[in-house]
Every structure is written in C-alpha cells, then in structure tokens.
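> give me a model of this one.
(2 chains)
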2 protein chains.
Amino acid sequence: MLPVNIKKQGVLFMNINKNYQNVSESYLFSTVAKKVNEFAAANPNKKIIRLGIGDVTLPLCKAVVDAIKSAADEMGIKETFRGYGPEQGYDFLKTKLQDYYKSHNIELDLDEIFISDGAKSDLGNILDLFDVNNTVLVPDPVYPVYVDTNVMAGRKVVYVNANADNDFLPLPPSDVKADIIYLCSPNNPTGAVYNKEQLKAWVDYANVNHAVILFDSAYECFITDENLPRSIFEIEGAKTCAIEFCSLSKTAGFTGTRCGYTVVPKTLEFDGVKLNKMWLRRQTTKFNGVPYIIQRGAEAVFTPIGQKEIQENLSYYKENAKIISETLKKHNIWHIGGKHSPYIWLRCPNNMTSWEFFDYLLENVQIVGTPGSGFGNNGEGYFRLTSFGSRENTIEACERLDKFLG
Amino acid sequence: MLPVNIKKQGVLFMNINKNYQNVSESYLFSTVAKKVNEFAAANPNKKIIRLGIGDVTLPLCKAVVDAIKSAADEMGIKETFRGYGPEQGYDFLKTKLQDYYKSHNIELDLDEIFISDGAKSDLGNILDLFDVNNTVLVPDPVYPVYVDTNVMAGRKVVYVNANADNDFLPLPPSDVKADIIYLCSPNNPTGAVYNKEQLKAWVDYANVNHAVILFDSAYECFITDENLPRSIFEIEGAKTCAIEFCSLSKTAGFTGTRCGYTVVPKTLEFDGVKLNKMWLRRQTTKFNGVPYIIQRGAEAVFTPIGQKEIQENLSYYKENAKIISETLKKHNIWHIGGKHSPYIWLRCPNNMTSWEFFDYLLENVQIVGTPGSGFGNNGEGYFRLTSFGSRENTIEACERLDKFLG
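As a prediction, this is how the structure comes out:
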C-alpha cells in the first residue's frame, strides 16, 4: 500500500506547541560552572569553596535506608511482592502524613493527600487542571519553574515585587486580578518566611477573587519558630483556595530518592468543579505512583527514630546557616533568611551587581555563591549563599570572608 | 489590609480546564470487581480463578533486589550519597539501553534516551509538546489512556478500526489526515503484533503526512520471532516520525517499582523544531528524574545474570499463555495474541456479547476475564484473558474450560 498525502487545509505539519519557543534559556548555573572552571584552571593551587549548592549533601538516615532495603526484600518474594499500587500513594504513607499535619493542628482526609515523586513534578503537572486563559501571579525573584511551566502552556504571567522594602515578602496587589498565585515560604531563593497575618492576606485575596494559591512548602522543615506557619492550611480559609506542595527532598535528603506530597482539599472548587476530583483523575490517567520501595523509605521518615535522625541533619544545616549569618552580621551586610531556611539572601556590598559580587568573591576568597539576578529582575544586587556545604568548608569560607572584609 | 475584589471583565472565577468534563468515566474494572464480589458472596465455596489480571505477579529477580539494596547502602554513606541526578537519567542506565537497542541493530545516541518512571507517565506527558489543534488517531479497541489524555487537553480523537478482518492490526487510513498516531505492538488489549511491512506502511504514512507516531512497545519483551519488530526504529524512516515508549513493568516485573524509557530521535523535527530538544526542556522543567536506587535496579535487568533471571519469568508467563491458547484452539474458539504477548484476545462463542460471556464464565466455571467492550466499540463480542496468573491456576482454569466446553 502506498501512503497517501492527505493535506488538511492550510496545515501541513503536525502542530507543535509553539509556546515552548517563548521559554527563556537559563544560563545561570552553566555560567557559574564556566566561571568556576576557568578560575580553577588558572589557579590550580587555590581551594574553591562552594556555598551555592542547592542540593543536600548529608546521606539518607539509617531508618530510611533500612526501610528501603527491607521493602526491596519484600519485592523479591512472591508472597510479599507488590505490583501496581494506588496512583495517589499507599495509605501507610498517607496516614503518616495525616498525623504529621495533625501535629500542626491541621485535619486532612486521607484522600486529600497525594503522594508524588517530588514538588517540582506536581507544581508543573497541576497546571493540567487550569485553562490557558488565566493570569498567573508570581513574586520576583522566584524559583524559575513557576514561570517556565506557565510560559510553556501559553499563560500570561505577571509579577509582584519582592524587595528590601517588603523584606522580600510581597502582599497581594490591589490592582491586579490574578487567577493562579504562586507562593513559596520559606522562600527559594530568599529564605524569607511569611507570618500568619501575611499569609491570611493572600488567602483572603484568593477567596475574594476566586483565585487559587499554589503553595510551595518544600522548606517547611527549616522553620523553628512555632508562630510561623509551616503549612498554608494553618490559615483560616485556605482550604477553599489553596493547594500545597511539599517534598522530602530537603526534609530528609530525598533529592535523589524522589518523594513528595500534594494536598488538594476537597472543599476547593471553582465554578462547581472540585479540584481534588480533577487531580485524582489527572494522576490516575497520567501517573502510576511512586515506587513502593521509596514509599516505605518515606514512611520511615515519620517514625520516631526517623524524625530523630532527620532532625540531626536539619540541625547541621541550620548551624551552617547561623555561622554564615553571624559572619554577615558582623560586617553589617544586609541579609535575610538563614534562620528558618537553608538559604541566606544578602545585599551585595558597595552597590556591586550580583555578577560583580560573584567575581569578587571568587577572585578574592574563592567562595562560590549564586547571583541573585538569576532569579529575576528584583534579584539584581543580591546574592544567595546556602547552608548545604560541609561544616568545615562553611567555617573556612566564613573565616576567609571575615578576614577579607575585616 | 482588606482584600480587594478586582473583577476581570466577564470572568469571575479562575478558569478550570473544562475538557476534563469530557473525559468519560470507565466502569470496566469496577464493574468486574463488583460482579466478582457479588458472586463470591453468594457462592462462598466456589474457587474463583482470575485470568483478567493486567499486572505481573512474579517477584523482582534477585539481581534487581541486590542492586537496589546495594544502592540504598550507597545512599546512606556520605561519600557515595547522591542528590539530584540528571532529569533524563543516569548514563550508567542509558548506556545499558543503548546496548540493548544495539543488540536489535538500532543505533541510538545517549541523549536520544530518556529514563522515565514508566510508559504511562511519558505517554501522557509527551502531549505537552503538541498543540491542541491536532487530529489524534487511535486504533479501536485501545488502551484507554491514549484517548483520555487527549480528551483532557481538548484534542480531536478519531479512530481506525481494528477487527477480525484485519487481525486487529489496522493499516493507515486513506481518508484521514492524522497528526498524532498511537500504535501499540504487541498490543494491549489484543496481543496482536505488527510485522515489519505493516509498520513500514505506518512510518511511510507518517512521514508523507508529517505526522508523529507515538509507539508503545511496553510488551516488546514477549516477542520471540526474530522477524517481528520489537522497536519501531527497526523500520527505515522511523527516526523522522516516531517516539518510542517502553517500560520495565512487564519486562522485569517493575509495575510497582516504576522505571521505563522513552526514545526521542534527534532527527525528529516538525516545522524546523526538534522534539528531542523540546522533550529535554519539558523533562528538566517538570520532572526530577527516577530515583537513583531504582535506576540501579533497572541497570541490573540488563546484566547477563539479570537477563537470565527475567527470561525465566517471561518464559513462565509465555507458557501460561500457550496453555490458554491451546485450550481455546482445541475448542475452535477464534483468538489472537498469546504467542508474543501476555494477552489472549478471543471471540466470545455463540455470538455472546462481552459481558454475557463474562457472566457465563463466572457462573459456570468461575473464571474471571476482561470484557473486550471495555476497550472500545470494536471490542464488543471479544474477551481478554491474561497469562499473569499462577501456573496452577492457569492449568486449573483451562481444565475447567475444557471440561465445560467439551
């Protein structure tokens, strides 16, 4: 049989999604790597300390490793082998998360909790539920995937300014009707944390304007002040306007192990349609669940021994953050974050631009950080350091800074 | 601050994706379960044998379990811990897949292979790359997610008839210009397998009409005849029109362990845009990769010992299929599949409808299968049995059938 060329009127090619051509390429981390590599080649004897790391460095805790190995053994035996699991996750893990929320005085039904392979996946995939014809509001500076995923779908993105005037914690605009709002607290990249009153303003805005808040709480585990909200569902009214995305990536070092969770309240509906039901349909159709073995590892995080072990790791990172913050304080360098966050967001001294300060630190003290301008226009003149390095390197970097700035 | 209600002209609510309301609910498996439960309650002494299972039942092979446990140990030690991996998968696994394709005389570059958490996820997510304005062609009967994922996005779906006249292997239509074509070979639910000439007709059609073929090869491991294509890339011209989705779910019992792979050739482009580059951008933006531990398990599948172990499991299922097929042959029941597939697709005897035959088997011999009508209009009057049961149950079911039909 010879193939027939059946031309549709005016359309010859399969139509690609042309919005992809509007996604801007990010050269942030590739430029950082290039500059560091060039410096290292030219200065082979100088030790470079990386405080730009956005990834955990401490290993999985023993309780998690043991649970994973035990689950792997189960999978190797006919009687305990598991095939397809529920796409939305096993109840053994969901009940643990339900209890975790209960410990923050938040009541959730089990079917409001969806186990995911990480916040990044679900923050992108949730957009399947929304029409292209919506206005998306994101703070600037921002985690780039909020913007990129919406540009890929052709949605209009508007920005709300986060800057030193509002401590990088912008409140709802009075002149923009947003439909989809991204909030991240503790924030990446700034480390700023909303208090309850501030989040309440966003929840009220969303409820009055029938908007949805996509709340990224991936760094909630770094909060130590009990008065600061770890979940948007601590705020009255949030269950009619918000979806929360969280992850064990930073909580328990799961960046390479992949497990998170998404909470979609059953009371969240627009135009009479429940988003919980839509998300369940999306996940059962386009996802097959997180590996059983990994879910057992995640379950172990929420056992008493697991909690004890991960708190030790979190304390380690928090102490690093404190060391960096105290060094900056000593030299009167304006900064936020670091207290309830692994990130320290500082204003570059002497009105340097973000990249000027990057070069300055690399040249003089061989410390690598991340230029704030890479996260948005309002990041210009700022710089991100992180607490994910080793204690020794963090101390050495701070000693170098102290000496150089002193 | 009081929230301001800023009404957009004519739009009060955040706009949900209304296409979700057009996705039809499937009651296939829930109705099967309901009928079986009712029968079991009314007949507590009768042993029901399930041959409708679409999930593997043999445990993970030892090589895989060992690799997973060893990787878990690595993750528990600072020196060997791994954080974020490449979203598109580790090279250690991609090189194994490259070699696997090479063994079928297919040359792939490493960056044409993307590691996924399963074929279902990627078959759905790939649609991000295509405009809504495309015509989707699917065979009927069909794996329901091909249709559902497109209805969710608002694409027009047209069908090509698979039926006894074409041995459930439809060839390209001469009167439809399709843009996105789904093919699955060996097929779910029919078990039919395209030969090279038939696939060549589809490849030629796609190239001439600038369409893309989404080729689901999740059951390729069941093919034993070397003349039958295990990959669409065995066909000349496929690298300019096809994307292949495969999975270890059936190959190595990974239905609950989640690992697959997607091949997007670099020569595949539409209107000057390379889909490989688009897919890389999609995955790096909306996915964070498969767990390191699971990728090590998948790697073990492609070692000599892993291959030996999984072949033993596949042989077990294939022998079950043979036993079922021979029983049907003996009683002159028309059927296909079973030879290079875990599925046996049979025509219901005495012109029974699919559901009539379901009830008939359950009532008389307590065998549970899947009504073909659940997979599409052309499935009416057909019935799917699978080889994923135990040997003992498969033999017992066939003995019952033999006795009853004899």
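
> contacts and neighbour counts: CA atoms only from here.
Will do.

> count of neighbours near the residue lying closest to A:I294 once chain neighbours are set aside?
Using Cα to Cα, 6 or more residues apart in numbering or on different chains and skipping residues adjacent in sequence, the residue nearest A:I294 is A:I68, 6.4 Å away. The local packing of A:I68 (other Cα atoms under 10 Å in any protein chain shown) involves 27 other residues.

> A helix includes A:I68, no?
Yes. Membership of A:I68 in a helix is supported by DSSP: H, G, I helix; E, B strand; the rest coil.

> contacting residues around it?
A:I293, A:I294, A:R296, A:G297, B:K69, B:A72 (Cα atoms under 8 Å, 6 or more residues apart in numbering or on different chains).

> can you tell me the SS state at the fourth one?
Meaning A:G297. helix.

> the residue lying closest to A:N19 once chain neighbours are set aside sits in which helix or strand?
Of all residues not flanking A:N19 in the chain, A:M152 sits nearest, at 5.0 Å (Cα to Cα, 6+ apart). Per DSSP states H and E, A:M152 falls inside helix A:144-153.

> for that helix, name the packing helices and strands.
helix A:119-125, strand A:135-140, strand A:156-161, helix B:275-286 (3 or more Cα pairs under 8 Å, 6 or more residues apart in numbering or on different chains; DSSP states H and E).

> for B:K35, find the nearest of these.
B:K35 lies closest to helix A:119-125 among those, at 35.1 Å (Cα to Cα).

> run through who's touching that closest one.
A:116, A:145-146, A:149, A:214, A:216, A:218, A:245-247, A:260-262, B:285-288.

> if we can go back for a sec, how far away is the residue nearest to A:I294 from A:T303?
From A:I68 across to A:T303, the span is 14 Å (Cα to Cα, to the nearest Å).

> by neighbour count, sort out the buried ones in the contacts of helix A:119-125.
Among the contacts of helix A:119-125, those scoring as buried are A:116, A:146, A:149, A:214, A:216, A:218, A:245-247, A:260-262, B:285-288 (criterion: 16 or more other Cα atoms under 10 Å in any protein chain shown).

> all strands for the stretch 51-200 of chain A, in order.
A:113-116, A:135-140, A:156-161, A:180-184 (DSSP state E, counting those that start in this stretch).

> ranking those by burial, who's on top?
Ranked by mean neighbour count, the strands of the stretch 51-200 of chain A are led by strand A:113-116 with a mean of 26 (mean count of other Cα atoms under 10 Å in any protein chain shown).

> name every strand pairing with that strand and say which way it goes.
If you go by DSSP bridges, strand A:113-116 pairs up with strand A:260-263 (antiparallel).

> centre of the chain to whichever helix or strand comes after the strand it pairs with, how far?
Note on strand A:260-263: by DSSP H and E, the next helix or strand toward the C-terminus is strand A:269-270. Remark: strand A:269-270 is offset 25 Å from the chain centroid, using Cα atoms, centre = their mean, to the nearest Å.

> also stretch A:324-339?
Using Cα atoms, centre = their mean, the distance from the centre of stretch A:324-339 to the centre of the chain it belongs to is 23 Å.

> okay, buried residues for that stretch please.
Buried residues in stretch A:324-339, counted by 16+ other Cα under 10 Å: A:I324, A:S325, A:T327, A:L328, A:I333, A:H335, A:I336, A:G337, A:G338, A:K339.

> now compare the residues you listed and name the two farthest from each other.
Distances among these were taken as Cα to Cα; the most separated pair is A:I333 and A:K339, at 15.5 Å.
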